[in-house]
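> need a structure here:
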Amino acid sequence: MNSFISLLQGSTEYEQTRKALELGRTPVCVTGCVDSQKCHFVASLFEDYKIRAIVTYNDLRAKEICEDLKLFGANPRFYPSKDLIFYQADIKGNAIVKERAAAIKEMLSGNPVTVVMSIDAALDKILPLEKVKESIVTLSDTDTIDAADLEKKLVALGYERQSMVSAPGEFAVRGGIIDIFPLNDENPSRIELFGDEVDSIRRFDVDSQRAVGNIERLTIFPAAEFVLTDEELQAGFEKIRAEEKKTESLLRKKMKNEEATRLKKACEEAIETMECSRGAASVDAFVTSFYDETASFLDYFGPGDLIVFDEPMRLEEKGEASLTEFRESMTGRLEGGYVLPSRADVIYDYKKILAKGQNKRLLLLSTLDMGNAGLKIKERFAVNAKNVNPYVSGIELLVRDLESYKKKRYKTIIVTGSSARGQRLAEGLAEYGITAVFSEDRERQIQEGETVIMYGALHKGFEYPLERVAVLAEGDTFGAARRVRSKKRLSF
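Predicted coordinates:
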């Protein structure tokens, strides 16, 4: 068991929370949580669930959670949000699609995974999970394939044909050789055909073009969030044109001829873009024209998965602010002839998203007991946790606290940014009479009264006074570490 995860074994609040989740007495609310301690607490629960999701209030916080969860072995994946208003103009759009696809791919791989997202990321209307599964293409080295049919499928999945692949989301066809660079693979793959039979599939280096290993099976995930057949694409265009004519007529009746002309041009350009990209671009702005059924990303998580809401009141506040901003923007853009009325229906109301948690295995984490975002809580527990004060004034305070922890039989872990720093800190503390062992064994069971230094990344340290557990982050000990360096002349 991970050294950090084992620290909470036997904790009353931890065991009560774990039991309530196991029995399905959810939502469960746990208060008294602080910063990085939240990640430690939930990671200690994660071993009971293969797929986990954490919903927080913004992308910056989501990235911090991902970084902390790596230390606790939770295999985090960041699911980024889009700019709900100007996503089409966002130069990071393709990177966002890639990160989202990576999270979904990991969920479908069968490996334990923790997906971290902001409330904004959960508001998008996207394809139901079953539709995503249907669009995945799997090839094996014993298959018989039609090269022309495969090429058509790749284009429909959002892949671009090139003379030579150089980036994810591209493919190339040269005689009996098909090169594909799947969106979430580190290297492209080369399929060699003998007639219509697959002779071999091998990974190769994109720069040297040299093979790096044969594989028996290649799984190709979509390079676009929305996958459409020719029929679905044309049917969607007809809906867009019909809505445009109706809206244009209403604008002209109000003597808004300039706005009506602008709307017609905008829709024509959007359709042209989607025709050229085979639906890989701009579809999310017209998602309701192409799909009768959509889903929130939270719908991807089943009854056996664990969902965590980080600070539910802040989720509610952020959801309200995002929805209000989106609606106000759409009202102005609709009046100006920039968008169709259906554009205002491409995201969910945040209240519906939060309400989805009522019927799922849901855990709420809060610092203070200030509200539950409209959810009916079935079990409520309070942990005794606090942040660690940073030792910016010097080594003496750190030494004093470490001595106190030892007398109280605390299990103490200090996290440093590298092995070298950890070893040097251990040597420096020894000069002050503090026995601290540096260890790279992540399965090491920390003993009472022991101080262990491990390398990793943690935003902020925390303490469980009742459990007699303290975890110090490098940022907490930085000032003290500088004093150690000056005394020992070590480059910590």
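
> show me where pLDDT drops low in the stretch 151-300 of the chain?
278-281 (pLDDT under 70).

> the strands in it, which residues?
Per DSSP state E, counting those that start in this stretch, the stretch 151-300 of the chain carries strands over the ranges 160-161, 170-174, 177-181, 189-194, 197-204, 211-214, 217-220.

> Where does the most centrally placed residue in the chain sit: helix, strand or coil?
For the chain, the residue nearest the mean C-alpha position is residue 78 (2.1 Å; C-alpha atoms, centre = their mean). Here residue 78 is recorded as strand under DSSP: H, G, I helix; E, B strand; the rest coil.

> Enumerate the beta-bridge partners assigned to it.
Beta-bridge pairing of residue 78 under DSSP bridges involves residue 116.

> okay, residue 86: pLDDT?
Per-residue confidence at residue 86 stands at 61 (pLDDT).

> Use 894 as the first number from now on
From this message on, residue numbering opens at 894, which makes the last subject residue 979.

> what's stretch 970-980 in contact with?
Contacting residues not belonging to stretch 970-980 are listed as 952, 955-956, 959, 982-983, 986, 989, 992-993, 995-996, 999-1000, 1006-1011, 1013-1014, 1016-1017, 1177-1178, 1190, 1215, 1218-1219, 1222-1223, 1240 [C-beta atoms under 8 Å, 6 or more residues apart in numbering]. All C-beta atoms are positioned from the backbone trio N, CA, C, and that covers glycine.

> typo on my end, stretch 1048-1060
Under C-beta under 8 Å, 6+ apart, the answer for stretch 1048-1060 is 1028, 1030, 1044, 1047, 1062-1066, 1072-1074, 1081, 1099, 1113-1117, 1120-1122, 1170-1173.

> Return the set of buried residues in that stretch.
1048, 1049, 1050, 1051, 1052, 1053, 1058 (16 or more other C-beta atoms under 10 Å).

> Out of those, the closest to residue 1208 would be?
Comparing the buried residues of stretch 1048-1060 against residue 1208 with C-beta to C-beta places residue 1051 closest, at 31.3 Å.

> For the closest one, give me the backbone phi and psi.
The phi and psi values for residue 1051, taken as degrees, to the nearest 10, are phi 100, psi 10.

> nearest residue to it other than its sequence neighbours?
Of all residues not flanking residue 1051 in the chain, residue 1117 sits nearest, at 2.9 Å (C-beta to C-beta, 6 or more residues apart in numbering).

> which residues of the chain fall in helices?
905-915, 928-938, 952-964, 986-1001, 1022-1028, 1040-1049, 1123-1146, 1150-1169, 1180-1183, 1205-1228, 1243-1249, 1288-1300, 1312-1323, 1367-1381 (DSSP state H).

> Please name the residues that touch residue 1094.
1032, 1033, 1034, 1082, 1083, 1084, 1085, 1107, 1108, 1109, 1110, 1111.

> any idea how far it is from residue 951?
When distance is defined by C-beta to C-beta, to the nearest Å, residue 1094 is 41 Å away from residue 951.

> can you check residue 1198 too?
Counting by C-beta to C-beta - residue 1198 and residue 951 are separated by 23 Å.

> Residue 1255 now?
In terms of C-beta to C-beta, residue 1255 sits 20 Å off from residue 951.

> Pick out whichever of these two has more residues nearby.
Taking neighbours as other C-beta atoms under 10 Å, residue 1255 and residue 951 compare with residue 1255 leading, 24 against 17.

> I'd like to know how many residues surround the nearest residue to the more buried one once chain neighbours are set aside.
With C-beta to C-beta, 6+ apart as the criterion, residue 1255 has its nearest non-adjacent residue at 4.1 Å, and that residue is residue 920. For residue 920, the tally of surrounding residues (other C-beta under 10 Å) stands at 25.

> isn't residue 920 right up against residue 1252?
No - contact status for residue 920 versus residue 1252: not in contact, 9.6 Å apart, counting by C-beta atoms under 8 Å.

> Redo the strands of the stretch 1044-1193 of the chain as CSV? Include distance to residue 1165.
Shown next, in CSV, are the strands of the stretch 1044-1193 of the chain (distance: least, C-beta to C-beta, whole Å):
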stretch, distance to residue 1165
strand 1053-1054, 17
strand 1063-1067, 22
strand 1070-1074, 26
strand 1082-1087, 32
strand 1090-1097, 36
strand 1104-1107, 40
strand 1110-1113, 27
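
> Of the ones you listed, flag the one that's most buried.
Comparing the strands of the stretch 1044-1193 of the chain by mean neighbour count (mean count of other C-beta atoms under 10 Å), strand 1070-1074 ranks first with a mean of 20.

> List the pairing partners of that one within its sheet, with orientation.
Next to strand 1070-1074 in the sheet, as set by DSSP bridges, lie strand 1063-1067 (antiparallel), strand 1082-1087 (antiparallel).

> Need these in JSON lines (columns: distance to residue 1184).
Compiled in JSON lines, the strands paired with strand 1070-1074 are given as follows (distance: least, C-beta to C-beta, whole Å):
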{"stretch": "strand 1063-1067", "distance to residue 1184": "26"}
{"stretch": "strand 1082-1087", "distance to residue 1184": "30"}
